[in-house]
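J.: compute the structure for the input listed below.
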Amino acid sequence: MKKLRNRVIVVTGASSGFGRGIAEKFASEGADLVLAARRGAVLEKLAIQCRRRGARALAVPTDVSQRGEVEALKEDAVRAFGRIDVWINNAGVATYGEFSDSPMEEHEQVIRTNLLGTMYGSDAALQQFREQKQGVLIDVASFAGIAAFPFGASYTASKHGIRGLDVALRQELEVSGHKNIRVCTISPTSMDTPFFEHAANHTGRPVRPMPPVYDPKLVIQAIYKAALKAKAEIVVGRRGKIGKIVKRMAPRLMEKQMARRAHKAMMQQRERASDSPGNLFSPSASGEGVRGGWRRSLLKQSAGTAAVVVPLAAAALIWIRSKQSISGLRGERAA
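T.: Predicted structure coming up:
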């Protein structure tokens, strides 16, 4: 049985990566899709493909950094389908390099797109959900919103902002009694998408994801599950799940590890690259797929991360067992 048949789903950042994969997955379920991104021609081709899979699909060229365009996206969705069941804020950009090496206007555009774009989308969605008295808001954050990394300061700040926004929204919905409106935060680790190909770059080296790099289908599946039954937050990728525990248990250790791994991945490559604003101010002409082709090229580097992941996993396991022991001791005392 197709569980999402005829449910109306808005997806921003739909022209590549997670957004494209989400559209394809939900189209196969017979959902009604409203696809948003800046690349209108790419969106229209995707909408045609979704229709061939059995979905109704509407392409709405949208720059989420512009509040008026996001409000128009909501109006188009309601006009076409009468309601919105799930709104997915997925659009995102980044500029990489030491903080002062990236132009401030690029940092500002990252915040406008990632954080303000998510706020605009959340506001539009929640207004509609309150009228309907139900709906699911899914915001794509990042493990960078849990444990910061260097050379992507504004991206990290934006993703911390999204996680904080979602906590606040869940609290507001809780106290106002909107039990049928849910807010879910998706926090992926490094995923094999064209995102890194699109990013602005001032590192002097090619931008690549930090290994290990995971298949984006893991994020697509997490978003699918959240659309059916939203949880507060879903961390995607084993390294992220372990890292979240280590961050809580040993935050200084996590900071040092993230600093070293990011510096090695981004700043110690032999290959050189020119500065570029990426897709911050205008869409990229390339990178329309779900995957970016990073997993195969970084396979050897991923194997090397065991030296980091295994100790962190051991530390996390010790922490979990210590918590269980404390809980058990308290239970014995209570008895």
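J.: please count neighbours and contacts with C-alpha atoms only from this point.
T.: Fine.
J.: just the strands in this structure please.
T.: Taking DSSP state E to define them, one finds strands in the chain at 8-12, 32-37, 56-61, 86-89, 95-96, 135-140, 181-188, 200-201, 233-236.
J.: make TSV out of those strands and add mean pLDDT.
T.: Output for those, formatted as TSV (pLDDT from 0 to 100):
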stretch	mean pLDDT
strand 8-12	98
strand 32-37	98
strand 56-61	98
strand 86-89	98
strand 95-96	98
strand 135-140	98
strand 181-188	98
strand 200-201	98
strand 233-236	97
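J.: how about a markdown table for those strands, with distance to residue 168 and mean neighbour count added?
T.: Converted to a markdown table, the strands of the chain look like this (distance: least, CA to CA, whole Å; neighbours: other CA atoms under 10 Å):
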| stretch | distance to residue 168 | mean neighbour count |
| --- | --- | --- |
| strand 8-12 | 22 | 26 |
| strand 32-37 | 26 | 28 |
| strand 56-61 | 29 | 23 |
| strand 86-89 | 16 | 26 |
| strand 95-96 | 27 | 30 |
| strand 135-140 | 13 | 25 |
| strand 181-188 | 10 | 24 |
| strand 200-201 | 30 | 24 |
| strand 233-236 | 13 | 21 |
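J.: select, out of those, the one closest to residue 265.
T.: Checking the strands of the chain against residue 265 by CA to CA gives strand 95-96 as the closest, at 11.9 Å.
J.: for the stretch 151-300 of the chain, which segments count as helices?
T.: For the stretch 151-300 of the chain, the helices defined by DSSP state H, counting those that start in this stretch cover 153-176, 195-198, 217-228, 238-249, 251-267, 294-297, 299-304.
J.: out of those helices, which is closest to residue 204?
T.: So among the helices of the stretch 151-300 of the chain, helix 251-267 is nearest, using CA to CA, at 7.7 Å.
J.: report the helix or strand with the lowest average pLDDT across the chain.
T.: helix 299-304 (a mean of 48; mean pLDDT, DSSP states H and E).
J.: residue 175: neighbour count?
T.: Counted with other CA atoms under 10 Å, the neighbours of residue 175 add up to 9.
J.: coming back round to it: find the one among the helices of the stretch 151-300 of the chain with the highest mean neighbour count.
T.: helix 195-198 (a mean of 22; mean count of other CA atoms under 10 Å).
J.: OK, contacts around the residue positioned nearest the centre of the chain?
T.: Closest residue to the average C-alpha location of the chain: residue 140 at 3.0 Å, with CA atoms, centre = their mean. Contacts for residue 140 were tallied using CA atoms under 8 Å, 6 or more residues apart in numbering; they are 88-90, 185-188.
J.: at 10 Å instead, please
T.: Applying CA atoms under 10 Å, 6 or more residues apart in numbering, we find residue 140 in contact with 18, 88-92, 114, 118, 159, 162-163, 184-188, 219, 223, 233-234.
J.: where does this structure have low pLDDT?
T.: 1, 297-335 (pLDDT under 70).
J.: and the helices of the stretch 151-300 of the chain: which comes nearest residue 277?
T.: Once these are compared by CA to CA, helix 195-198 is nearest, at 8.9 Å.
J.: circling back: what pairs with the closest residue to the residue nearest to the centre of the chain other than its chain neighbours across the strands?
T.: In this structure, residue 140 finds its nearest non-sequential neighbour in residue 186, 4.8 Å apart by CA to CA, 6 or more residues apart in numbering. Beta-bridge pairing for residue 186 (DSSP bridges): residue 140, residue 234.
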